[in-house]
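Q: no FASTA, just this:
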Ligand code: DGJ
């Protein structure tokens, strides 16, 4: 499929470059342009013709590089098409340059263009917001132009996200059907478009959103567009997801992609800004006692003149608040060491508050529009630093560098970003290049992250932006994981994690056990359900352990031990989504369930998760058919994270009884065709039943 596509694209290139890159002003006006520029002399046309084609073929990928030039102007575009060998993902991007007399204005500069030839194409895209990320929308593609855009400026995965799937033959199915998956590897504003402006089919374009972003390109400078990554699968959405997961893990698109991640406790929802040494040490004791491996101190630990007691002050003043932590960070890293756990810390390096020493001393360091009042974000005081400015980039680098130089024991950083770009102006960029800001911000951010990674390749860094606001492949190469959502309600997490898994691998997805009743939704869920939901990705906790019951503590201890055994499978296995929580059912009659499975490459080891999402008396259960197994192999089921029971003889919580499926064996063929009746009964039982089985 890839080769055919490439060959067809190449054939087009010999006469003119339109097949790979429709440009404004070339012969074929049927397409919308992927590239529209205004040359130095005012000319708006672009007629690119291939000058030279080179091929690279190495152990990892084959890359075709086509150098093109405009017929008239000294304007050049180099087209890259890189096909990875270990995984069916292709990346495409353009390097744009010129030697015209004055700057050229890039008015639209997409990363890629693909023709879509399907009889009944349907689009799947992810929408969401703070605490409600990753909601899939599926819709038929019709005539006209459908655009998915994000113009937050700093975070691009809240509201609409830069990844889509397009099924060619109707509503996309999980395990079959022809589906294209595409992700724009960029953390800034974007626009993904599907255009059907004539009878010749559909055309897909993806790139940086040109709104307020006409890019002023100086002569001899090269502007490289972000990469567009895409795959075609005949195995439905599941096939697309697995290709993206493999690519993320093995092609450098996720930092340390093939490594597993630790089980952690994060302090945020347990104590918020009320950090004291005593509370932190107590939380460390707790996570260590459950068998956890890492403690992360979230927001609230810093500030000198201004204290960080709420979200309105001290960002930028990255010194320990000795009123809260009199013995500094060293006392905490030492304490972690004593408890045989690692220590991590929260920062929000790209931001400041008007109430901060940083802002008082360096008011120029923030994004601002000349002669206009500042628009203030979170806490009524938050501002975004001007990452286009190399001095600000140095400062952001130094935040991480100072922390890690002074405290080399810090093993983990949570890098947060809680503000949009509301002030679209820079005192660093010249007046005639203000429209470069939205793009140069992210180029500056990536440059800084590259420096950090060059010096600190082994520190685990979490990508957080008010939850999952920056879950994108533009930033993932520099991060080991991302915070999926600020919403830790286990029921809603089933849905959020489901949508997020369409493109992102499980070892990157930070999933935490929250408190109950949960503070945002008021919902009460059993501890087993909360553990089971969090265990399907990178497991952690986000609560105050001091408030946990003995039952909750006992269950978490079992969950952590079982998770450690299953971790390579969960975090690095191949994902098969079995039953979608979005599947419509007559809910009082039939139980709403969600189920997913991870299988190793050898197909001799798998783990199955099943969640009951609705509970009504006499509701019929659901048979769950597995996928991705070897039909000829026999698998034995072992129940995991079994619900704990109270042992009256010992006056303590301890191991409970497994269900009747435990120890039973079935062939892969049976499991995939007949399926399992997993005991998720709600009669005389608790709400939100769930089960985990290991299959060997
Ligand atoms: C937003 C993040 O998503 C939360 O997890 C937490 O770190 C807060 N910021 C802290 O201010």
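A: That came through fine. Quick caveat: nothing in here was measured; it's all calculated off a predicted structure.

Q: mind listing what the residue nearest to residue 298 when sequence neighbours are not counted touches?
A: Nearest residue to residue 298 in three dimensions, chain neighbours excluded: residue 268, at 3.9 Å (Cβ to Cβ, 6 or more residues apart in numbering). In this view, the C-beta of every residue, glycine as well, is placed from N, C-alpha and C. By Cβ atoms under 8 Å, 6 or more residues apart in numbering, the contact list for residue 268 reads 298, 299, 346, 542.

Q: over to residue 84?
A: Residues in contact with residue 84, defined by Cβ under 8 Å, 6+ apart, are 60, 61, 90, 91, 247, 251.

Q: and with 7 Å instead?
A: Counting by Cβ atoms under 7 Å, 6 or more residues apart in numbering, residue 84 touches 60, 61, 247, 251.

Q: neighbour-wise, which of the residues you listed leads?
A: Within the contacts of residue 84, most neighbours by other Cβ atoms under 10 Å means residue 247, with 25 neighbours.

Q: can you tell me the average pLDDT over stretch 107-115?
A: Mean pLDDT, stretch 107-115: 96.

Q: quick one: neighbours of the closest residue to the ligand within the stretch 501-650 of the chain, just the number.
A: Residue of the stretch 501-650 of the chain nearest the ligand, by Cβ to the nearest ligand atom: residue 542 (7.7 Å). Residues lying near residue 542 (other Cβ under 10 Å) number 23.

Q: how about it: what's its closest non-neighbour residue?
A: Residue 542 sits nearest to residue 512 (Cβ to Cβ, 6+ apart), 3.7 Å away.

Q: correct me, but the one you found touches residue 541?
A: Yes: counting by Cβ atoms under 7 Å, residue 512 does reach residue 541; the two are 5.6 Å apart.

Q: so the two - more neighbours on which side?
A: Neighbour count, other Cβ under 10 Å: between residue 512 and residue 541, residue 541 has more, with 30 against 25.

Q: just to be sure, the more buried one is in a strand?
A: Yes: Residue 541 forms part of a strand when assessed by DSSP: H, G, I helix; E, B strand; the rest coil.

Q: you'd agree residue 447 is up against residue 393?
A: Yes: Residue 447 is within contact range of residue 393, at 6.1 Å (criterion: Cβ under 7 Å).

Q: between these two, who's got more neighbours?
A: The neighbour comparison of residue 447 against residue 393 (other Cβ under 10 Å) goes to residue 393, with 20 against 16.

Q: can I assume that one is in contact with residue 445?
A: No: assessed by Cβ under 7 Å, residue 393 is found out of contact with residue 445, at 8.1 Å.

Q: intersection of neighbour lists for these two?
A: Joint contacts of residue 393 and residue 445 (Cβ under 7 Å, 6+ apart) are residue 387.

Q: stretch 279-290: which residues count as buried?
A: For stretch 279-290, the neighbour count (16 or more other Cβ atoms under 10 Å) marks 279, 280, 281, 283, 284, 286, 287, 288, 290 as buried.

Q: could you list which of the residues you listed belong to helices?
A: With helices taken from DSSP state H, the overlap with the buried residues of stretch 279-290 comprises 279, 280, 281, 283, 284, 286, 287, 288, 290.

Q: ok, residue 334 - how many residues close by?
A: Residues lying near residue 334 (other Cβ under 10 Å) number 13.

Q: what's it sitting at in phi/psi?
A: Residue 334 has phi and psi values of phi -60, psi -40 when expressed as degrees, to the nearest 10.

Q: chain neighbours aside, what residue packs nearest to it?
A: Closest residue in space to residue 334, ignoring its immediate chain neighbours: residue 409 at 7.9 Å, by Cβ to Cβ, 6+ apart.

Q: the one you found contacts residue 331, correct?
A: No: counting by Cβ under 7 Å, residue 409 stays clear of residue 331, with 11.4 Å between them.

Q: which residues of the stretch 451-600 of the chain score low on pLDDT?
A: Of all residues in the stretch 451-600 of the chain, none has pLDDT under 70.

Q: looking at the contacts of residue 84, which are in strands?
A: Judged by DSSP state E, strands contain the following of the contacts of residue 84: residue 61.

Q: sounds good, over and out.
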